[in-house]
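Novice: Using only what follows, build the 3D model:
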Amino acid sequence: MLILSDPNYLDIINNLNRINMKNLAVLAFLTILLTTGCTNTGAFLSSNQTLVNLNEGNYSLAATNVNGESEAAYIFGLSYSTGFMANTLALARVEGSSSLYADALENLWANYNEVHGGTANNSLALANVRYDSDILNLFFYTKVKITVRADIIEFN
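Specialist: Here you go, the predicted structure:
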């Protein structure tokens, strides 16, 4: 039985306080780690409600195999692709954008404009759209790169 006047009592209390402070610090770190961070999910799902008849000869192939890219890098995370979407769960983004597919499409149109001129007043459409994802996962770092490729059709 401990007596409050026992000299070992203070040592026991101090040891318990150190153990509790360590447990509290670990718990606080885990709480912060689990409640902060970033996640990114992107998908390029294309659907078209417009019926276009391409057998009438009212179009021409303006460009083939035009591509656009976008990438982002994260620390303390993991990235994966499930076929039609790329997902990332990480603590923080250190470079790049959170909207990889939109940026890749914007880059595709910028690449087309650079080679073929502006798109103003042109009736253009993307055909044969396909995308690739390149993912690098390291222990402390993950990087996602999305590439969108398409053929561009111009209607007369």
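
Novice: where along this structure do the strands fall?
Specialist: 38-43, 59-81, 85-96, 123-137, 141-155 (DSSP state E).

Novice: looking at those strands, which is buried most?
Specialist: Counting by mean count of other CB atoms under 10 Å, strand 141-155 has the highest mean neighbour count of these, with a mean of 19. To be clear about C-beta, it is placed using only N, CA and C from the backbone, and glycine gets the same treatment.

Novice: helices or strands up against that one?
Specialist: Applying 3 or more CB pairs under 8 Å, 6 or more residues apart in numbering; DSSP states H and E, one finds that strand 141-155 contacts strand 59-81, strand 85-96, helix 100-116, strand 123-137.

Novice: pLDDT on it, on average?
Specialist: Mean pLDDT, strand 141-155: 91.

Novice: Listing partners with orientation, what would you give for that strand?
Specialist: strand 59-81 (antiparallel), strand 123-137 (antiparallel) (DSSP bridges).

Novice: Next, format these as a markdown table and append distance to K145 and mean pLDDT.
Specialist: Shown next, in a markdown table, are those (distance: least, CB to CB, whole Å; pLDDT from 0 to 100):
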| stretch | distance to K145 | mean pLDDT |
| --- | --- | --- |
| strand 59-81 | 4 | 90 |
| strand 123-137 | 4 | 87 |
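
Novice: Compare those strands and give me the one nearest V115.
Specialist: Among the strands paired with strand 141-155, strand 59-81 comes nearest to V115, with 7.2 Å by CB to CB.

Novice: out of everything not next to it in sequence, what's closest to V115?
Specialist: A63 (7.2 Å; CB to CB, 6 or more residues apart in numbering).

Novice: so that neighbour bridges to which residues?
Specialist: Under the criterion used (DSSP bridges), A63 bridges to I152.

Novice: Give me the distance between it and V94.
Specialist: Computed with CB to CB, to the nearest Å, the distance linking A63 and V94 is 34 Å.

Novice: How about Y141?
Specialist: Note on Y141: its distance to V94, by CB to CB, is 8 Å.

Novice: need the contact list for the residue lying closest to N107 once chain neighbours are set aside.
Specialist: In space, and not counting its chain neighbours, N107 is closest to G68: 3.4 Å by CB to CB, 6+ apart. G68 makes contacts with D103, A104, L105, E106, N107, L108, W109, A110, N111, T147, V148, as judged by CB atoms under 8 Å, 6 or more residues apart in numbering.
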